[in-house]
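# sequence? don't have it. structure:
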């Protein structure tokens, strides 16, 4: 018997309408993520628990995925997910969040979950602003970019989140953009398998609250991502000034070190 | 046969939790609650549980909430500064009906205050600390024995009502060594579980069944206003009203069975003076009562073992037969306000505040204060 073709609808809770603006990158993230789920052989989301915090990207799984989901306070999805995984190691625990949620208010949790190699998957949708609250400057906003709270342009440097996570010891860390759909599917497949902390940063367009202020619609933003993207291997040969306006994409860490659960079981003699 | 142990209050707290079925602990170092974490780190592996030290207090309570949804009885412990940080997640636990226990071994505040000294300044924070409408359940031990008993009871209440419960201890009680009798059986409850196929986990019953994550119920848990199925629903104010009335109502309707107190001294009225106190201070009160009774006064002491919901019944009862009520506490006057409100003019309520250095009012100090009032 052949397997039914991939359908996003199959994994979504019925009777609900997705809340995202037209042109939002979250649609691409949902499509690519569920495609990865399908490619891994899952016909439904049983065995998965999704956690998210506050922000547009936090709405990706909750309540729309037809699965258990825990929608936590702002920034706290990662420690909630860690608690779930420790209590029920047989479940696959996946966190979705925006850059503000994961790398702003929740940055301490992100770093420590990567350090302890907690056996969870974190997908950070980086739209470079606080989109849901109107487009304020974020820890990921490019230097000089105009936002509602940096009307003269951002005067702070952005955080290189995927590289930070790799440096903290995560088993897997990658960055792609919504203009890299195939690579995203592959990255999600890798992030959903194996042990330890697995992280995918998706640079994504917010035409409503970022693109509009840059004079770009969704299409123009995707074109920007495509042109600005530079593979991590090539970026290694480029200077910081050249890289300032580029988006470094690719895999920053891919290893198979013992995860938190392995270490805990070893310590506990279980 | 019940066994007896010489235990520190903080150690007794851990043993009470384990006896009640606690199998997950997440915490962050803070004085004077550290012995709870340290003893948990040793004991959790022994009883098949999990201990983890998180990066801060928000993460600690977050992990506890995650573990609770994954099916384990879970707890954290902290002191004032950490308790402040936990407030957002206490509100989340209340609103998502997540059973969990939070122990606060109080120290002097505000801010860093005096880390190693007892205080009772978090009484009102324990009631009103998180934002929005809620009802808190807060228990107050005054001995290592009660660190055991009331921590176990906190789990029982938390599971039965699907709500967070706070054990409000203090540095004196947490660090004191005394004999603790461990009963053969500790009363415990398990949260109600749903029948297969059920989709309502947030109503309509007063305490709806709670599914375990991963068991196929596809439960959406959210800190936003939600309907009975857990779906965020903010368009219709009635949905919020229904939800919050049920959540607040389930605590209020059980208030009388949650109240726990103890009366010492003269059982019958009329009384010259009654003391109302909780925690470490109540130990000085007990001796002050003896001193005053030997002076020929009629004196009793009401000790509150439940702080919230506020035990109005016993407070009104003792106020009705007392001329003066003295409320000694290690803060600038918190319990006294609640006693004034509840006693509603039945007795003259006088506060006695002592703060700083973790010094309790001595029995003599309290007796002199009472004599001064009566013989004025």
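It's in. Keep in mind it's a predicted model, so treat the numbers as computed, not measured.
# can you tell me what sits against the helix or strand of chain A with the lowest mean pLDDT?
In chain A, no helix or strand scores lower on mean pLDDT, DSSP states H and E than helix A:240-243, which sits at a mean of 91. Helix A:240-243 is contacted by residues A:230, A:235 when judged by CB atoms under 8 Å, 6 or more residues apart in numbering or on different chains. Every C-beta, even on glycine, is put in place using the N, C-alpha and C of the backbone.
# what element comes up after it heading to the C-terminus?
Counting by DSSP states H and E, the next helix or strand C-terminal to helix A:240-243 is strand A:247-254.
# quick one, what contacts residue 250?
Went with chain A since none was named. A:174, A:175, A:176, A:231, A:232, A:233.
# that answer is for a different chain, and I need it for chain B
Per CB under 8 Å, 6+ apart, neighbours of residue B:250: B:161, B:163, B:206, B:207.
# count the neighbours of the nearest residue to it once chain neighbours are set aside for me.
The shortest distance from residue B:250 to any non-neighbouring residue, by CB to CB, 6 or more residues apart in numbering or on different chains, is to residue B:206 (4.7 Å). Residues lying near residue B:206 (other CB atoms under 10 Å in any protein chain shown) number 13.
# same thing with the one 10 residues further on?
Under the neighbour criterion other CB under 10 Å, residue B:216 is assigned a count of 14.
# so it touches residue A:44, yeah?
No - counting by CB atoms under 8 Å, residue B:216 does not reach residue A:44; the two are 9.8 Å apart.
# quick check: phi and psi at residue B:184.
phi -60, psi -40 (degrees, to the nearest 10).
# gap between residue A:114 and residue B:202?
33 Å (CB to CB, to the nearest Å).
# ditto for residue A:195
Separation of residue A:195 from residue B:202 (CB to CB): 34 Å.
# neighbour-wise, which of these two wins?
Each of residue A:195 and residue B:202 has its neighbours counted (other CB under 10 Å); residue B:202 has more, 24 against 16.
# who's in contact with that one?
Residue B:202 sits next to B:97, B:208, B:226, B:227, B:228, B:229, B:230, B:243 when contact means CB under 8 Å, 6+ apart.
# most neighbours of all those residues, which one?
With neighbours taken as other CB under 10 Å, the top of those is residue B:230, carrying 26 neighbours.
# so which residues on the stretch 51-200 of chain B come close to chain A?
Neighbours of chain A within the stretch 51-200 of chain B, by CB under 8 Å from any CB of the partner chain: B:52, B:54-56, B:58-60, B:62-72, B:74, B:88-89, B:92.
# mark which of these are buried, thanks.
Among these, those buried by neighbour count (16 or more other CB atoms under 10 Å in any protein chain shown) are B:52, B:54-56, B:58-60, B:62-72, B:74, B:88-89, B:92.
# so how far is residue B:44 from the residue of the stretch 151-270 of chain A found nearest chain B?
Among the residues of the stretch 151-270 of chain A, residue A:268 lies nearest to chain B; the distance is 4.5 Å by CB to the nearest CB. Residue A:268 is 9 Å from residue B:44, where distance means CB to CB.
# residue A:123 now?
Computed as CB to CB, the residue A:123 to residue B:44 distance reads 31 Å.
# one more: residue B:306?
Applying CB to CB, the value for residue B:306 to residue B:44 is 28 Å.
# name the nearest residue to whichever residue of chain A sits closest to chain B, ignoring sequence neighbours.
Going by CB to the nearest CB, chain B is nearest to residue A:83 of chain A, at 2.7 Å. Once flanking residues are discounted, residue A:83 sits nearest to residue B:66: 2.7 Å by CB to CB, 6+ apart.
# just read off the phi/psi values of that neighbour.
Torsion angles, degrees, to the nearest 10, at residue B:66: phi -60, psi -50.
# so who does it touch?
By CB under 8 Å, 6+ apart, the contact set of residue B:66 is A:51, A:70, A:79, A:80, A:81, A:82, A:83, A:84, A:85, A:87.
# can you say which of those are buried?
Burial by neighbour count, 16+ other CB under 10 Å: within the contacts of residue B:66 this picks out A:51, A:70, A:79, A:80, A:81, A:82, A:83, A:84, A:85, A:87.
# out of the residues you listed, which sit inside strands?
Counting by DSSP state E, those place A:51, A:70 in strands.
# TSV for the buried ones among the contacts of residue B:66, including pLDDT?
Compiled in TSV, the buried ones among the contacts of residue B:66 are given as follows (pLDDT from 0 to 100):
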residue	pLDDT
A:51	98
A:70	98
A:79	99
A:80	98
A:81	99
A:82	98
A:83	99
A:84	98
A:85	98
A:87	98
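# thinking again about what came up before, looks like the residue nearest to residue B:250 contacts residue B:252 (just checking).
No - contact criterion CB under 8 Å: residue B:206 and residue B:252 do not qualify, at 10.7 Å.
# what distance do you get for the residue nearest to residue A:83 to residue B:40?
Going from residue B:66 to residue B:40 by CB to CB gives 17 Å.
# could you do residue B:12 as well?
13 Å.
# residue B:6 now?
Residue B:6 is 19 Å from residue B:40, by CB to CB.
# the two: which is more packed in?
Higher neighbour count among residue B:6 and residue B:40: residue B:40, with 29 against 10, using other CB under 10 Å.
# next one: that one from residue B:173, what distance?
Separation of residue B:40 from residue B:173 (CB to CB) stands at 18 Å.
# dump the residue contacts of residue 268.
Using chain A here. Counted by CB under 8 Å, 6+ apart, residue A:268 has contacts residue B:45.
# can you look at chain B instead?
Residues near residue B:268 by CB under 8 Å, 6+ apart: residue B:321.
# swap in residue B:84?
B:125, B:129.
# so it belongs to a helix, correct?
Yes - membership of residue B:84 in a helix is supported by DSSP: H, G, I helix; E, B strand; the rest coil.
# what's the burial count for residue A:206?
Using other CB under 10 Å, residue A:206 is surrounded by 28 other residues.
# list the residues that contact the residue lying closest to it once chain neighbours are set aside.
Nearest residue to residue A:206, sequence neighbours excluded (CB to CB, 6+ apart): residue A:127, at 3.9 Å. Counting by CB under 8 Å, 6+ apart, residue A:127 touches A:25, A:56, A:57, A:98, A:99, A:203, A:204, A:205, A:206, A:210.
# wouldn't the fifth one be in contact with residue A:136 here?
Meaning residue A:99. No - between residue A:99 and residue A:136 there is no contact under CB under 8 Å: 11.7 Å.
# who has more neighbours, those two?
residue A:99 (30 against 16).
# okay, residue A:133 and residue A:55: tell me how far apart.
Applying CB to CB, the value for residue A:133 to residue A:55 is 8 Å.
# any idea how many residues pack against residue 41?
I went with chain A, as the question did not name one. 7.
# should've been chain B
By the criterion of other CB under 10 Å, residue B:41 has 15 neighbours.
# still on that earlier bit, quick one: which two of the contacts of residue A:250 are the most distant?
The largest distance within those, taken as CB to CB, falls between A:176 and A:233 and amounts to 14.4 Å.
# look at these two and report which has more neighbours.
Each of residue A:176 and residue A:233 has its neighbours counted (other CB under 10 Å); residue A:176 has more, 27 against 10.
# contacts only, for the more buried one.
Applying CB under 8 Å, 6+ apart, the residues contacting residue A:176 are A:183, A:184, A:187, A:200, A:201, A:202, A:203, A:249, A:250.
# same thing but at 6 Å, please
Residue A:176 sits next to A:183, A:184, A:187, A:249 when contact means CB atoms under 6 Å, 6 or more residues apart in numbering or on different chains.
# for chain A, what's the longest helix?
In chain A, with assignment by DSSP state H, the single longest helix is helix A:26-39.
# show me what that one is in contact with.
A:6, A:8, A:11, A:20, A:60, A:125, A:178, A:181, A:184-185, A:188-189, A:202.
# and the residues you listed, which are buried?
Neighbour counting with 16+ other CB under 10 Å marks A:11, A:20, A:60, A:125, A:178, A:184, A:185, A:188, A:189, A:202 as buried within these.
# what's the most distant pair in those residues?
The most widely separated members of the buried ones among the contacts of helix A:26-39 are A:20 and A:189, with 23.3 Å between them, by CB to CB.
# cool, thanks, talk later.
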